[in-house]
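Participant: Let me see the structure of the following:
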Amino acid sequence: MKKSYLVAAGLLFSISTQAQFGDLIKVVKDKTGVDLSQPKAQTPNTSTNTGTTTSSTTNSNVNLGSLTSSQISSGLKEALNIGVKESVQKLGVTDGFLKNEAVKILMPEKLRKIDTTLRSLGMGSLADQGVKLLNRAAEDAVTEATPIFANAITSITITDAKNILLGSNNAATNYLQTKTQSQLFTAFQPKVQASLGKVGADTVWKNIISKYNTLTGQAVTTDLNEYVTTETINGVFKMVAEKETGIRNNSALRTTSLLEKVFGAVKK
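Facilitator: All right, here's what the predicted structure looks like:
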């Protein structure tokens, strides 16, 4: 019996409390317009959404899709071959080196004092002729560079093609230069040697150095073949890098379906 009284008392207290709480909700609603009986809408997690958006935006710049490493490698090599071919065409003409400030071959560093001395003695024209013939030799020799560069491009194995594709504007050119510089030098040096003789640069430079040594009592020598070979190769690489940058950033320069497929997958 006692237990029944306690249950009944609990029920009465609960009903009374709920009634008072309901009255309280009604008073608050009447005074403030806020209905406490309605659940509060949850605020979206903006930080999570922002993070997702940022990630999506970043990833949208790269869409390699189903491209294989082999396709990417072939695309990079094709871009390099086109770059070499066009570069050689531009450089292998009269003033191709001499009038292009980006690749113009200057007086060798160790012979700059000869240039200064000759000009101070009124023989500036001889110094100018020496520089001019170095560039003429490069312009003549570079016409035979295409097959040498093409062979180097074919022989390299681009094991990290994807990273090169996603790299800097001249990443493929830098890779080629790192992998083939010595190979290119060995193959190209005889061409430069022949061109130095063909344009008369070797004879003129013997005269220049002889005059300088006579005037100063010194015995200066230099290997023009090594110098011009290195500068000619570097000039080609500069032009190839320029072409690679163009292909990466200008869809109009992607003249084949492979170039468009590979480089079009990376939006700049």
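Participant: which residues of the stretch 101-250 of the chain score low on pLDDT?
Facilitator: For the stretch 101-250 of the chain, no stretch is flagged by pLDDT under 70.
Participant: So for the residue nearest to the spatial centre of the chain, what's the nearest residue that isn't a sequence neighbour?
Facilitator: Closest residue to the average C-alpha location of the chain: Asn169 at 2.1 Å, with C-alpha atoms, centre = their mean. Distance criterion C-beta to C-beta, 6 or more residues apart in numbering; nearest residue to Asn169, sequence neighbours excluded, is Thr245 at 4.1 Å. No exception for glycine: its C-beta is placed from N, CA and C like everyone else's.
Participant: A helix includes the one you found, no?
Facilitator: Yes - assigned with DSSP: H, G, I helix; E, B strand; the rest coil, Thr245 falls within a helix.
Participant: separation between it and Glu144?
Facilitator: 26 Å (C-beta to C-beta, to the nearest Å).
Participant: just the helices in the protein please.
Facilitator: Counting by DSSP state H, the chain has helices at residues 2-32, 46-59, 69-91, 112-120, 124-141, 145-155, 161-165, 171-198, 201-216, 224-249, 257-263.
Participant: Just send those helices back as TSV, with mean neighbour count too.
Facilitator: Shown next, in TSV, are the helices of the chain (neighbours: other C-beta atoms under 10 Å):
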stretch	mean neighbour count
helix 2-32	10
helix 46-59	9
helix 69-91	20
helix 112-120	16
helix 124-141	21
helix 145-155	17
helix 161-165	19
helix 171-198	18
helix 201-216	16
helix 224-249	21
helix 257-263	18
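Participant: could you dump those to JSON lines with distance to Ala102?
Facilitator: Below are those laid out as JSON lines (distance: least, C-beta to C-beta, whole Å):
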{"stretch": "helix 2-32", "distance to Ala102": "75"}
{"stretch": "helix 46-59", "distance to Ala102": "34"}
{"stretch": "helix 69-91", "distance to Ala102": "10"}
{"stretch": "helix 112-120", "distance to Ala102": "20"}
{"stretch": "helix 124-141", "distance to Ala102": "13"}
{"stretch": "helix 145-155", "distance to Ala102": "17"}
{"stretch": "helix 161-165", "distance to Ala102": "23"}
{"stretch": "helix 171-198", "distance to Ala102": "14"}
{"stretch": "helix 201-216", "distance to Ala102": "21"}
{"stretch": "helix 224-249", "distance to Ala102": "6"}
{"stretch": "helix 257-263", "distance to Ala102": "23"}
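Participant: So for Leu106, which of the ones you listed sits nearest?
Facilitator: Closest approach to Leu106 among those is made by helix 124-141 (6.6 Å; C-beta to C-beta).
Participant: Any chance you could list what contacts that closest one?
Facilitator: If you take C-beta atoms under 8 Å, 6 or more residues apart in numbering as the criterion, helix 124-141 is touched by 91-98, 104-107, 114-115, 118-119, 188, 191-192, 194-196, 198-201, 204-205, 207-208, 211, 224, 227-229, 231-232, 235.
Participant: let's see 6 Å
Facilitator: 92, 96-98, 105, 107, 115, 118-119, 191-192, 195-196, 199, 201, 204-205, 208, 228, 232 (C-beta atoms under 6 Å, 6 or more residues apart in numbering).
Participant: distance of Tyr146 from Gln89?
Facilitator: I think there's a mix-up here, since residue 146 is Thr and not Tyr. Using C-beta to C-beta, Thr146 is found at 9 Å from Gln89.
Participant: cool, and Pro108?
Facilitator: 27 Å.
Participant: just Lys99 next, same as before
Facilitator: Counting by C-beta to C-beta, the gap from Lys99 to Gln89 is 15 Å.
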